[in-house]
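>>> Below are the sequence and a predicted model; questions follow.
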Amino acid sequence: MYAALQSALTDAWAIFYDWKVPGTRRRVDFLCIEPLRGIAAFEVKGGMVHKHRRTFVQKIRKDGIRKKILPFGQLRSGVMEVLACCGIDAAPLKIHESIFFPHMSQTAYTFGEGPHFFTREDLAPAKLWAKLSASLPGIDNPDATAIMQRLVATLAQ
């Protein structure tokens, strides 16, 4: 997935993979930051995931054992903790949170299409860019741009 993001995004984007939040066990799979657009945050879920009503269930073993997962909660908490440990206020920022299912095709996918769900077909650079640019068309807030530039510098240390 890193290679797909790197191919799809311009050099203006900073891509952070598996960023560990200091002092916690939490990690954020991908944070992609472009100060003139916003932040794209991804939680990657392998294997088969199904959604029944509002609950996500992931098949975790070949014998069919499944567990309930909360991917958006996990992602949102991770992003907020990353921002907090960097001393960044999330309020002025445009953050697009998405779940990536790289092993699932859209035909096996039970949630319907939407801007917050990515499947194996979305790994193609043109498709990935189209979805991200539609979700983060740009911001017109110099304060948010400066904050995101500071965030990139802090995460890059």
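Noted; the coordinates are in hand.

>>> residue nearest the centroid of the chain?
Residue closest to the average C-alpha location in the chain (C-alpha atoms, centre = their mean): residue 42, at 1.4 Å.

>>> May I have the beta-bridge partners of the nearest residue to it once chain neighbours are set aside?
In this structure, residue 42 finds its nearest non-sequential neighbour in residue 30, 4.0 Å apart by C-beta to C-beta, 6 or more residues apart in numbering. Where you see a C-beta, it was placed from the backbone N, CA and C, and this is true even at glycine. The residues paired with residue 30 through beta bridges, assigned by DSSP bridges, are residue 17, residue 42.

>>> so residue 92 sits in a helix?
No. Applying DSSP: H, G, I helix; E, B strand; the rest coil, one finds residue 92 to be coil, outside a helix.

>>> Please work out how many residues are found near it.
One way to gauge burial is a neighbour count; for residue 92, by other C-beta atoms under 10 Å, it gives 14.

>>> Could you do residue 24 as well?
12.

>>> follow-up on the earlier one: could you check how far the residue nearest to the centre of the chain is from residue 65?
Taking C-beta to C-beta, to the nearest Å as the measure, residue 42 and residue 65 are separated by 25 Å.
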